[in-house]
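# predicted model and sequence below, questions to follow.
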Amino acid sequence: MSSEVIEILSAEDIRRTMTRLASEVIERSGDLSKLVLLGVYTRGVPLAQLLARQIEMLEQVAVPLGAIDITFYRDDLDVIGIRTPAKTEIPFDLSGKTVLLVDDVIFKGRTARAALEAVKDYGRPEVVRLAVLVDRGHRQLPIHPDFTGKLLPTAREEAIKVYVQDLDGRDSVELIKP
Ligand SMILES: O=P(O)(O)OC[C@H]1O[C@H](OP(=O)(O)OP(=O)(O)O)[C@H](O)[C@@H]1O
Ligand SMILES: O=c1cc[nH]c(=O)[nH]1
């Protein structure tokens, strides 16, 4: 049987949502000179770039931007299997910073947990926060995003697929019903 695909966010919705998230981050981050953004591979990276651009446009501050691969920090490698890691790029010390992790989807929370573990290798930030485009529920750990684009209760067997222009040629969020 074929699955049903429902568009949850269009390109325009994503643009507006990211603008709102940028405003929320500015409002709640205090000293913006301490703010650094870390995108979580794969699609957290272009989303973090977008968020950094929005923040820079709104506040005229350059926000340091990095990318983090959490492959070897996962606690479920035996379940999901080893994948080829991407390259973590954090060309600055995170000590004393306000680190904002950015990802496309949060589900069980295991990626976010692994990202926290990875961050530890790059210094001791003053604060670490998490921004996601979609929170689809079903957490297995006590981890909750500080900034949420869209809270979308889903059934466990459903999936959320995020498409971003740079990687996929279009911006869209889809719910896949099996
Ligand atoms: O909260 P969790 O249950 O950990 O799920 C969330 C993660 O799942 C997706 O990544 P995926 O593992 O599909 O890899 P990808 O981003 O490289 O596609 C998504 O991009 C999040 O990083
Ligand atoms: O549905 C899901 C679950 C985890 N990560 C995704 O990108 N989608």
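In hand now; what should we look at? Ligands and ions are numbered 1, 2, ... in the order given.
# quick one: low-confidence ranges for this structure?
1 (pLDDT under 70).
# now the helices: where do they sit in it?
Assigned by DSSP state H, the helices in the chain fall at 11-28, 44-59, 77-80, 110-119, 165-168.
# rebuild those as a markdown table, extending it with mean neighbour count and distance to ligand 1.
C-beta here means a position set from N, CA and C on the backbone, and glycine is covered the same way. Shown next, in a markdown table, are these (neighbours: other C-beta atoms under 10 Å; distance: least, C-beta to the nearest ligand atom, whole Å):
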| stretch | mean neighbour count | distance to ligand 1 |
| --- | --- | --- |
| helix 11-28 | 16 | 15 |
| helix 44-59 | 20 | 6 |
| helix 77-80 | 10 | 7 |
| helix 110-119 | 20 | 3 |
| helix 165-168 | 12 | 10 |
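# with distance to I70 as extra columns, can I get these in CSV?
What follows is the helices of the chain, written out as CSV (distance: least, C-beta to C-beta, whole Å):
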stretch, distance to I70
helix 11-28, 21
helix 44-59, 10
helix 77-80, 11
helix 110-119, 4
helix 165-168, 18
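# and the residue nearest the centre of the protein?
In the chain, the centroid-proximal residue (C-alpha atoms, centre = their mean) is D103; its distance is 1.2 Å.
# V127 touches T98, doesn't it?
Yes. The pair V127 and T98 qualifies as a contact (C-beta atoms under 8 Å) at a distance of 4.8 Å.
# which of these two has more residues huddled nearby?
Neighbour count, other C-beta atoms under 10 Å: between V127 and T98, T98 has more, with 21 against 14.
# who's in contact with the more buried one?
Contact analysis of T98 by C-beta atoms under 8 Å, 6 or more residues apart in numbering lists 29-31, 34-36, 125-127, 129.
# next, count neighbours for T42.
By other C-beta under 10 Å, 15 other residues sit near T42.
# wait, it touches L167, no?
Yes. In this structure, T42 is within contact of L167 by C-beta under 8 Å, at 7.1 Å.
# that'll do, ta.
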